[in-house]
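Engineer: Based on what follows, work out the 3D shape:
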Amino acid sequence: MVATLVALFLPMAAVSPAYPTTLPPLAYDPDATLAAHRADLALPRPAATPIVLEAWRALAAAQARRDPATQTVYQPRFAHHLYEATGHNPSAVRAVRAAARERFLRELSDGRAPLTQIAARHHLVGRDASPSVDDAQRVAWFDLRWERLALPTPNDGTNIEPITTTLLRVPPASQRAFVAWGVSASCLELLGAVGRRPTLDDPRRCASARRDLVALASAMDRDYPRDEARAAVEVMLATGLLRVSDPSRSDREQPIDADATGVARDDANAAFSRARDLYAAMLRRERTRRVERLYRATVAELGGD
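Structural biologist: Sure, this is the predicted structure:
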């Protein structure tokens, strides 16, 4: 009887906490994305395409300098020139976007090219680029960026278009390639924050984007482990808030006062609680050692045993 009890309960006691550091991956077809790009390149271009491309490059240069004042001038100028050149004709829009996209791909090895500098902040290019990133994901990232900046007011206060809406204007193959990149990216990569000091808002912005990406991945693949991914988003939000709000850190963008630190810790506890509930529901459906470890980590963070 003693041997039986030890066999039953010792494995449970030996389960150690585990923290997710990435979201579950999403499969995609890189060949389909690049084939769509080549098809768009074959479309006839509007006569004013060079004007649009120059406006796009000027906007990218302002963004590469992290110059918000100049960005607010060049972004609507780009959107205006794009409309003037295409009249929102879908074929014309695809042709102009493909021309800009092709220039981006040609300049990937040119560290002076503005858009290459921005892509490097997402670890899409350069010596620190993730080995798993390919041209299909770069194309998809470019497409989403282009479509968001082609809006008359892409960042109008709180009236910011959801990523799910923007993706509807992106070629279908790029939609999936972008989500595949997004769920595999770190927060710094997703936000393009590589190379700058972290802010307390970064984990929250990252979690918001990741929630959208998980919903999209679930819609694209019915076998995508949605609940596990949702729980991982909350754990990574919580750990990110605790890390950035740590009083001993000296590399933040701005100092954090006691009130902001308290709010961050409260938000982290709430995120751990949401993750715990999701893991608990998963364990009720199917008890696995891996999910037990993930569940135990959230319980420990909340002061449980």
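
Engineer: Measure how buried Val133 is and give me the count.
Structural biologist: Neighbours of Val133 under the rule other Cβ atoms under 10 Å: 19. Backbone N, C-alpha and C define where each C-beta goes, glycine included.

Engineer: contacting residues for it?
Structural biologist: His123, Leu124, Trp181 (Cβ atoms under 8 Å, 6 or more residues apart in numbering).

Engineer: between the residues you listed, which is closest to Ala140?
Structural biologist: Trp181 (6.4 Å; Cβ to Cβ).

Engineer: How about that closest one, nearest residue that isn't a chain neighbour?
Structural biologist: Gln137 (4.1 Å; Cβ to Cβ, 6 or more residues apart in numbering).

Engineer: and that neighbour, what is it in contact with?
Structural biologist: Pro30, Leu124, Ala177, Phe178, Ala180, Trp181.

Engineer: swap in Tyr295?
Structural biologist: Contacts of Tyr295 by Cβ under 8 Å, 6+ apart are Arg276, Tyr279, Ala280, Met282, Leu283.

Engineer: where along the stretch 201-305 of the chain do the strands fall?
Structural biologist: For the stretch 201-305 of the chain, applying DSSP state E, counting those that start in this stretch gives no strands.

Engineer: And Arg285, how far from Arg204?
Structural biologist: The gap separating Arg285 from Arg204 is 30 Å, by Cβ to Cβ, to the nearest Å.

Engineer: Quick check on the contacts of Tyr295: which are buried?
Structural biologist: Among the contacts of Tyr295, those classed as buried by 16 or more other Cβ atoms under 10 Å are Arg276, Tyr279, Met282.

Engineer: Run a quick neighbour tally on the residue found closest to the first one once you drop the neighbours it is linked to in the chain.
Structural biologist: The one in question is Arg276. Spatial nearest neighbour of Arg276, chain neighbours left out: Thr298 (3.9 Å); criterion: Cβ to Cβ, 6+ apart. Neighbourhood size, Thr298 [other Cβ under 10 Å]: 25.

Engineer: residues touching Thr298, list them.
Structural biologist: Val235, Phe272, Ser273, Ala275, Arg276, Tyr279.

Engineer: Just the residues you listed: which are in helices?
Structural biologist: Those of these mapping onto helices are Val235, Phe272, Ser273, Ala275, Arg276, Tyr279, per DSSP state H.

Engineer: that older thread, farthest-separated two in the contacts of Gln137?
Structural biologist: Pro30 and Leu124 (14.0 Å).

Engineer: Comparing those two, which residue is more hemmed in?
Structural biologist: Counted by other Cβ under 10 Å, Pro30 and Leu124 do not tie: Leu124 has more neighbours, with 24 against 17.

Engineer: Look up how far Leu124 lies from the closest residue to Ala209 other than its chain neighbours.
Structural biologist: Spatial nearest neighbour of Ala209, chain neighbours left out: Leu190 (5.8 Å); criterion: Cβ to Cβ, 6+ apart. Using Cβ to Cβ, we find Leu190 at a distance of 11 Å from Leu124.

Engineer: do Pro68 as well
Structural biologist: On the measure of Cβ to Cβ, Pro68 and Leu124 end up 22 Å apart.

Engineer: Check Ala280 too.
Structural biologist: From Ala280 to Leu124 the distance is 37 Å (Cβ to Cβ).

Engineer: just Ala231 next, same as before
Structural biologist: Applying Cβ to Cβ to Ala231 and Leu124 gives a distance of 27 Å.

Engineer: now, which of the buried ones among the contacts of Tyr295 sits nearest Leu41?
Structural biologist: Distances from Leu41 to the buried ones among the contacts of Tyr295, taken by Cβ to Cβ, are shortest for Met282, at 45.4 Å.

Engineer: hang on, Ala129 packs against His123?
Structural biologist: Yes. Judged on Cβ atoms under 8 Å, Ala129 makes contact with His123 at a distance of 5.2 Å.

Engineer: who has more neighbours, the two?
Structural biologist: His123 (19 against 16).

Engineer: ok, that one - contacts?
Structural biologist: So His123 contacts Ala129, Ser130, Val133, Ala185, Ser186, Leu188, Glu189, Val194 (Cβ under 8 Å, 6+ apart).

Engineer: sec struct for the nearest residue to it once chain neighbours are set aside, please.
Structural biologist: Spatial nearest neighbour of His123, chain neighbours left out: Glu189 (4.7 Å); criterion: Cβ to Cβ, 6+ apart. What DSSP: H, G, I helix; E, B strand; the rest coil gives for Glu189 is helix.

Engineer: Does Leu34 touch Arg138 like I think?
Structural biologist: No. Between Leu34 and Arg138 there is no contact under Cβ under 8 Å: 10.1 Å.

Engineer: what's the following helix or strand after the helix or strand the residue nearest to Trp181 falls within?
Structural biologist: Secondary structure assignment for Gln137, by DSSP states H and E: helix 135-149. Per DSSP H and E, the first helix or strand lying C-terminal to helix 135-149 is helix 163-167.
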